[in-house]
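Asks: Task: produce atomic coordinates for the following.
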Amino acid sequence: MALKRKLRYGMVGGGQGAFIGAVHRMAANLDGQIELVAGCFSADPNNSRITGEQLFLDPKRIYASYTEMAEREAALPPGERIDFVSIVTPNFLHAPVATTFLKNGFHVICDKPMTLNLKEAKALRAIVRRSGKIFALTHNYTGYPMVKEARELVRSGRLGKILKVVAEYPQGWLLDRLETNGHKQAAWRGDPKRTGATCCVGDIGTHAENLGRYITGLEIESLCADLTTFIPGRKLEDDANMLLRYHGDAKGVLHCSQISCGEENNLNIRVYGTKGSLAWHQEYPNELNFQPKGEPAKILRRGNAYVSDGAKKFTRLPSGHPEAFIEAFANIYLEAVAAIRANLVGKRGGKYDFPTIDDGVYGMAFVETALKSAKSNVKWTKFVAL
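Replies: Take a look at the predicted model:
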C-alpha cells in the first residue's frame, strides 16, 4: 500500500541569520513531495516566531523550544502531526534534538557532522536502531549525479584496483578572525562548546572523507594528521593535512583548510587505479573527468544517455542545463523521504541511496582519529574502532 500524500515535516534551527536552514527548505521543497508545517527555528522564541510567520506557518505550530515541539506534535492526531524533523542547528544540538524526536516517534534528517564526539554518535546510533526510525545525514555532496557516476565507474571495475585517493576541501573565508566580529556562522564554528573539538576537520574535512569513502568504498586503516591553528587567538584548528592508509593497501591524501586565500568551496577528489583514474570538482559539478589507461581522456557530462542508471536517477534536467548544490541536497531528501514513506506503511528494508546513522558514526570516528593523531608523536594512528 502506497502513502498517497505529501509528507509533513518540522524544522529545528534555520531561523533568521542562519544559512543552511534555508538550503534545506529549498531542497526539501524541490520535488513537491514534502510540506513544512511546524518549526522551532531558534533558541530565541522571537526569532522562531518571526521565521515561522515569514514561512506562513500556523502560529500554533511555531514553537519556543524543540522539546515543546516534539511533545506537542506527538500529541496531535496521526493525520496532522509531522512525519519527520529536519535538524539544522549548530553541532552541539544535533544529538539531543535527534534523541528527543526519535523517542517521540519521529524520523530524522540531520545536518552534519552528526554529533559533538564519537561517544555521543554511538549512543545516538543505539537509539536509532531501537526506534526503528529512518535517520538520514545530509552529506549532500554524495547527491551529485556525477559523484554517483564516479562511484559506478569504481564499482564496475573500470578503474581497476584503487591505488590512491586524493581528496581536498580548501576554503579561505576564515583567513580573518570573523568569529570576533559578529559573524554568526564563524562564531559558533569557532566555539568548542557548540561545534566540538574541531572546526576545519569537523566542518569540511568530514565531507572530503565521506566523499572518498562513498566513491571508492575504501575504509581507513590508519592515518597521520597535522592540524594547525594559523590565526592567533582562534580556539580550534583552521587547517588540516593528512596521509591515509586504507584497508587493501591503497593510500590517500586528505587536505582541508579554511585559511587558503582565494579559495571558495573547492572540494575535489581524484581517484587513481590500475586501469584508469577520475577527477571531480564540486565547483564544476556537472562534469567528471575519466582517464582510461592508454586512451584519450574523457569528460563525462551529467544528463547524457551514456551515464549510468544511478546518475540518471538523480538528474532532473536535460544535458546542458546545469544542476548543482540545491539539487544535490534535494537528492538526499528524495531518497530519505522514499525510505520514510515506505516505513510509514510498514515496509522495512529496501535499497536507498542516502547517508545513514552509520556514516555519521564513521565521520565522528574519523574526526576522533585525526585529533588523536595530531596530538601524538607517533607517525601512524590506527583508525578508532567503531
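Asks: where's L124, which helix or strand?
Replies: Assigned by DSSP states H and E, L124 belongs to helix 118-131.
Asks: Show me what the helix or strand just after that helix is packed up against.
Replies: Per DSSP H and E, the first helix or strand lying C-terminal to helix 118-131 is strand 135-137. If contacts are counted by 3 or more C-beta pairs under 8 Å, 6 or more residues apart in numbering; DSSP states H and E, strand 135-137 sits against strand 107-110, helix 325-344, helix 357-374. All C-beta spots, glycine's among them, are computed from the backbone N, C-alpha and C.
Asks: Now find how far off-centre strand 135-137 is within its chain.
Replies: The chain centroid and the centroid of strand 135-137 are separated by 9 Å under C-alpha atoms, centre = their mean, to the nearest Å.
Asks: swap in stretch 103-119?
Replies: The answer for stretch 103-119 is 12 Å, by C-alpha atoms, centre = their mean.
Asks: Compute the distance from the centre of stretch 138-146 to the centre of its chain.
Replies: On C-alpha atoms, centre = their mean, the centre of stretch 138-146 falls 8 Å from the chain's centre.
Asks: now the end-to-end length of that stretch.
Replies: With C-alpha to C-alpha, to the nearest Å applied, stretch 138-146 spans 17 Å between its terminal residues.
Asks: just checking, I357 touches F135?
Replies: Yes: if you go by C-beta atoms under 8 Å, I357 and F135 touch, sitting 4.4 Å apart.
Asks: any chance of the helices and strands packed on strand 135-137 in JSON lines, plus mean pLDDT and mean neighbour count?
Replies: Converted to JSON lines, the helices and strands packed on strand 135-137 look like this (pLDDT from 0 to 100; neighbours: other C-beta atoms under 10 Å):
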{"stretch": "strand 107-110", "mean pLDDT": "98", "mean neighbour count": "27"}
{"stretch": "helix 325-344", "mean pLDDT": "97", "mean neighbour count": "22"}
{"stretch": "helix 357-374", "mean pLDDT": "97", "mean neighbour count": "23"}
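Asks: circling back: in the helix holding L124, which residues are buried?
Replies: Buried residues in helix 118-131, counted by 16 or more other C-beta atoms under 10 Å: 118, 120-121, 124-125, 127-128, 131.
Asks: beta partners for the closest residue to E68 other than its chain neighbours?
Replies: Leaving aside its chain neighbours, E68 sits nearest to C40 (7.3 Å; criterion: C-beta to C-beta, 6 or more residues apart in numbering). Beta-bridge pairing for C40 (DSSP bridges): V12.
Asks: I'd say C40 and E71 touch.
Replies: No: the pair formed by C40 and E71 falls short of the contact definition of C-beta under 8 Å, at 11.5 Å.
Asks: just to revisit the earlier point, tell me the one among the buried residues of helix 118-131 nearest to P59.
Replies: S131 (30.0 Å; C-beta to C-beta).
Asks: mind checking which helix or strand the closest residue in space to that closest one that isn't next to it in sequence is in?
Replies: The shortest distance from S131 to any non-neighbouring residue, by C-beta to C-beta, 6+ apart, is to L102 (4.7 Å). Assigned by DSSP H and E, L102 belongs to helix 94-103.
Asks: and if you look at I259?
Replies: Short version, using DSSP H and E: I259 is in no helix or strand.
Asks: Can you name every helix or strand that whichever strand or helix holds A150 contacts?
Replies: Using DSSP H and E, A150 maps to helix 145-155. With contacts taken as 3+ C-beta pairs under 8 Å, 6+ apart, helix 145-155 sits against helix 206-216, strand 268-273, strand 276-281, strand 287-292, strand 298-301, helix 309-313.
Asks: how about it: buried residues?
Replies: For helix 145-155, using 16+ other C-beta under 10 Å, the buried residues are 145-154.
Asks: ok, these vs T229, which is closest?
Replies: Closest approach between the buried residues of helix 145-155 and T229, by C-beta to C-beta: V147, at 30.9 Å.
Asks: isn't that closest one right up against Y214?
Replies: Yes: at 7.0 Å, V147 counts as touching Y214 under the criterion of C-beta under 8 Å.
Asks: In TSV: the buried residues of helix 145-155, plus pLDDT and distance to A311.
Replies: Shown next, in TSV, are the buried residues of helix 145-155 (pLDDT from 0 to 100; distance: C-beta to C-beta, whole Å):
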residue	pLDDT	distance to A311
P145	98	4
M146	98	7
V147	98	9
K148	98	5
E149	98	4
A150	98	9
R151	98	9
E152	98	7
L153	98	10
V154	98	13
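Asks: so where's the stretch 51-200 of the chain uncertain?
Replies: Along the stretch 51-200 of the chain, no part satisfies pLDDT under 70.
Asks: Q16 should be in a strand, yeah?
Replies: No: going by DSSP: H, G, I helix; E, B strand; the rest coil, the assignment for Q16 is coil, not a strand.
Asks: what's the most centrally placed residue in the chain in contact with, if anything?
Replies: Central residue of the chain (C-alpha atoms, centre = their mean): H139, 1.9 Å from the mean position. Shown in contact with H139 (C-beta atoms under 8 Å, 6 or more residues apart in numbering): 112, 206-207, 210-211, 214, 332, 355, 359, 363.
Asks: Over to G212?
Replies: Counted by C-beta under 8 Å, 6+ apart, G212 has contacts 165, 167, 218, 252, 254, 269, 271.
Asks: Just these: which are in helices?
Replies: Taking DSSP state H as the definition of helices, the contacts of G212 contribute nothing to them.
Asks: Return the residues in contact with the residue nearest to E68.
Replies: Contacts for C40 (C-beta under 8 Å, 6+ apart) come out as 10-12, 48, 62-66, 68-69.
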